[in-house]
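quick one, what's the 3D model for this:
(one chain, ligands or ions: 1)
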Amino acid sequence: MSEKVLMPFNGTLAGTIEVPGDKSISHRAVIFGSLANGVTNVTNFLDGEDCKRTVHAFRQMGVNIRENGTDLVIESDGITSLTESKQPFYFGNSGTTTRLMLGILSGLPFFTVSYGDASLSKRPMDRVVTPLRKMGAMIDGRSDGSLLPISVRGSTLKGIDYTLPVKSAQVKSAVLLAGLLAEGQTTVTETIPTRDHTENMLKAFGADIQTAGNTTIITNKQRLTATDVQVPGDISSAAFFLAAGAIIPGSSILLKNVGLNKSRTGIMEVLEDMGADIQIENEKAISGEPIGDIRVSYAKLKGTVIQGDIIPRLIDEIPIIALLATQAEGITTIKDAEELRVKETDRINAVTELLSTLGADITPTGDGMIIKGKTPLNGGKIASCDDHRIAMMGAIASLISESEVIIDDISCISISYPGFFTDLESLM
Ligand code: S3P
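Model prediction:
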């Protein structure tokens, strides 16, 4: 346990930071770099615990991955050069590693066992196991394969036509990855679009993949070709500073090189709706992904309604949006976000408990929360629930709290943002 005591902050936040590389894109850079033939150079890789799990998994299968700070060099002779791991895979806290790897492992000629930490061991895996079994995957595990530990006896898969019953990019990606290794064609349809980094990167690595509307089709047994990947800054990490700049009077922060993929920018639309002062500068594209610099300055905020198709486009930002809502005049309602119940922790409960402890007016619902603002926040002892995004939201909340905030354990922040406090302190 690593407790953190945060004293009340009476200043303003000002300056420029560059948040670390995008978590989703970093995972995928390692995955596709390892499956492709040739040398893949990855720059601005997220050196967080979750992405390291993905690196470790491919090293266990014989891929040569060299790290130099946030640069990676991945050397592979392609899918057929991977070898069976002698040891089980430990995926720590990483749902993305687990679900995407299960898609790949199902189609490789190996026997594997995967397990994770206490949080990951509670998270539903049937959402990937069900479609993978339809493709012919031989998977077993706790609770009939719905919970880790899970074993896979890799086999010859056949393509499927699958409509996602959950709003999940991880499930979509697992099926597409299995489709890459399967016989025939795999079609995945989603009712509400989720992040499309897998599709973008498959295209960048030369895969034959077609997207029309909400449907993606991938054909089988393809050879991927290595390509360099420059990882954009993670908008989900930038979100903490977007919120801090918006709620601390007098603040003005510039966030450089943030990923602005439309499937991830729901937070920007919510900030605009709430009346925040945000501007985007220097827009350009790197490695098939749009990026730009975001300037945020303090402004008076008002409540809003967040529901429907926007939810997958800001799902990871809801904890920090809830904090924003406590500082907005009026009511903010968040609906259709039942997926929050199965994240690193039940984020509806965790957010409600944390913000209530600090004096906010927040009511949980089955699929979201209702927050009445604006309320001053007092200090208190809060629980991160071992969830990086809850811990960082608590740290930003402490900046506007009237007395000391103690977070019970901040070690989880290294999952996605190891330098979080260094960046925060540089703006104080
Ligand atoms: C991710 C997808 C999202 C997100 C997670 C990363 C990804 O999960 O919450 O942090 O990289 O595909 P779901 O797809 O399960 O909603």
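
can you map out the helices along this protein?
Applying DSSP state H to the chain gives helices spanning 23-35, 49-60, 95-105, 126-134, 142-145, 169-181, 197-204, 235-247, 266-273, 318-326, 347-357, 388-399, 420-426.

would you format the ones you listed as CSV with mean pLDDT included?
Formatted as CSV, these follow (pLDDT from 0 to 100):
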stretch, mean pLDDT
helix 23-35, 98
helix 49-60, 98
helix 95-105, 98
helix 126-134, 98
helix 142-145, 97
helix 169-181, 97
helix 197-204, 96
helix 235-247, 98
helix 266-273, 98
helix 318-326, 98
helix 347-357, 98
helix 388-399, 98
helix 420-426, 98
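
kindly reformat those as CSV containing distance to Gly213 and mean neighbour count.
(C-beta placed from N, C-alpha, C; glycine too.) Converted to CSV, the helices of the chain look like this (distance: least, CB to CB, whole Å; neighbours: other CB atoms under 10 Å):
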stretch, distance to Gly213, mean neighbour count
helix 23-35, 22, 28
helix 49-60, 30, 22
helix 95-105, 22, 26
helix 126-134, 20, 21
helix 142-145, 31, 14
helix 169-181, 14, 27
helix 197-204, 13, 23
helix 235-247, 24, 26
helix 266-273, 19, 21
helix 318-326, 26, 27
helix 347-357, 30, 22
helix 388-399, 31, 27
helix 420-426, 38, 15
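
which ones are touching whichever residue of the chain sits closest to the ligand?
Taking CB to the nearest ligand atom, the ligand has its nearest neighbour within the chain at Ser24, 3.2 Å off. Contacts for Ser24 (CB atoms under 8 Å, 6 or more residues apart in numbering) come out as Thr96, Ala169, Arg195, His197.

for Ala337, see how far away the residue nearest to the first one when sequence neighbours are not counted is.
Among residues not flanking Thr96 along the chain, His27 sits closest, at 5.1 Å (CB to CB, 6 or more residues apart in numbering). His27 sits 23 Å away from Ala337 when distances are taken as CB to CB, to the nearest Å.

repeat that for Val171.
Using CB to CB, we find Val171 at a distance of 17 Å from Ala337.

the residue nearest to Thr96 against Gly48, yeah?
No - using CB atoms under 8 Å, His27 makes no contact with Gly48, being 10.1 Å away.

which bits of the stretch 1-150 of the chain sit near the ligand?
Contact residues, the stretch 1-150 of the chain versus the ligand (CB under 6 Å from any ligand atom): Ser24, Thr96.

OK, contacts around Val63?
Going by CB under 8 Å, 6+ apart, Val63 touches Ser34, Ile74, Glu75, Ser76, Ser81, Leu82.

could you redo the last one with a cut-off of 10 Å?
With contacts defined as CB atoms under 10 Å, 6 or more residues apart in numbering, Val63 is in contact with 30, 33-35, 55, 57, 74-77, 81-83.

of the residues you listed, just say which sits nearest to Ser411.
The closest of the contacts of Val63 to Ser411 turns out to be Val55 (CB to CB; 19.9 Å).

okay but that closest one is in contact with Val73, surely?
No - using CB atoms under 10 Å, Val55 is not in contact with Val73; the gap is 11.5 Å.

what residues do the two have in common as contacts?
Joint contacts of Val55 and Val73 (CB under 10 Å, 6+ apart) are Gly33, Val42, Ile65, Glu67.

please identify which of the residues you listed is nearest to Ile280.
Distance to Ile280 across the shared contacts of Val55 and Val73 (CB to CB) is lowest for Val42, with 25.1 Å.

for the closest one, give its distance to Arg28.
Separation of Val42 from Arg28 (CB to CB) stands at 10 Å.

now do the shared contacts for those two.
Common contacts of Val42 and Arg28 (CB under 10 Å, 6+ apart): Val229, Val231.

residues near Gly330, how many?
Other residues near Gly330 come to 14 when the count uses other CB atoms under 10 Å.

residues contacting it?
By CB under 10 Å, 6+ apart, the residues touching Gly330 are Met274, Leu301, Lys302, Gly303, Thr304, Ile371, Lys372, Gly373, Lys374.

top of those residues by neighbour count?
Ile371 (27 neighbours).

name the nearest residue to that one, ignoring sequence neighbours.
Ala325 (3.9 Å).

need the contact list for that neighbour.
Going by CB under 10 Å, 6+ apart, Ala325 touches 270, 274, 301-304, 306, 318, 331-334, 355, 360-362, 369-375.

ditto for Arg66
Leu72, Val73, Ile74, Glu75.

and it, what's its pLDDT?
Looking at Arg66, its pLDDT is 98.

what does Asn220 give?
The model reports Asn220 with a pLDDT of 81.

wait, isn't it in contact with Leu176?
No - using CB under 10 Å, Asn220 makes no contact with Leu176, being 11.7 Å away.

what do those two both touch?
Taking CB under 10 Å, 6+ apart as the criterion, Asn220 and Leu176 both touch Thr186.

residues from the stretch 201-350 of the chain in reach of the ligand?
Ile315, Asp316, Glu339.

could you break this structure into its assigned domains?
The chain breaks down into these domains under automatic domain parsing: 4-21+232-426, 23-219.

any chance of those domains in TSV, plus distance to Ala226?
TSV is the format used below for the domains of the chain (distance: least, CB to CB, whole Å):
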stretch	distance to Ala226
domain 4-21+232-426	13
domain 23-219	3
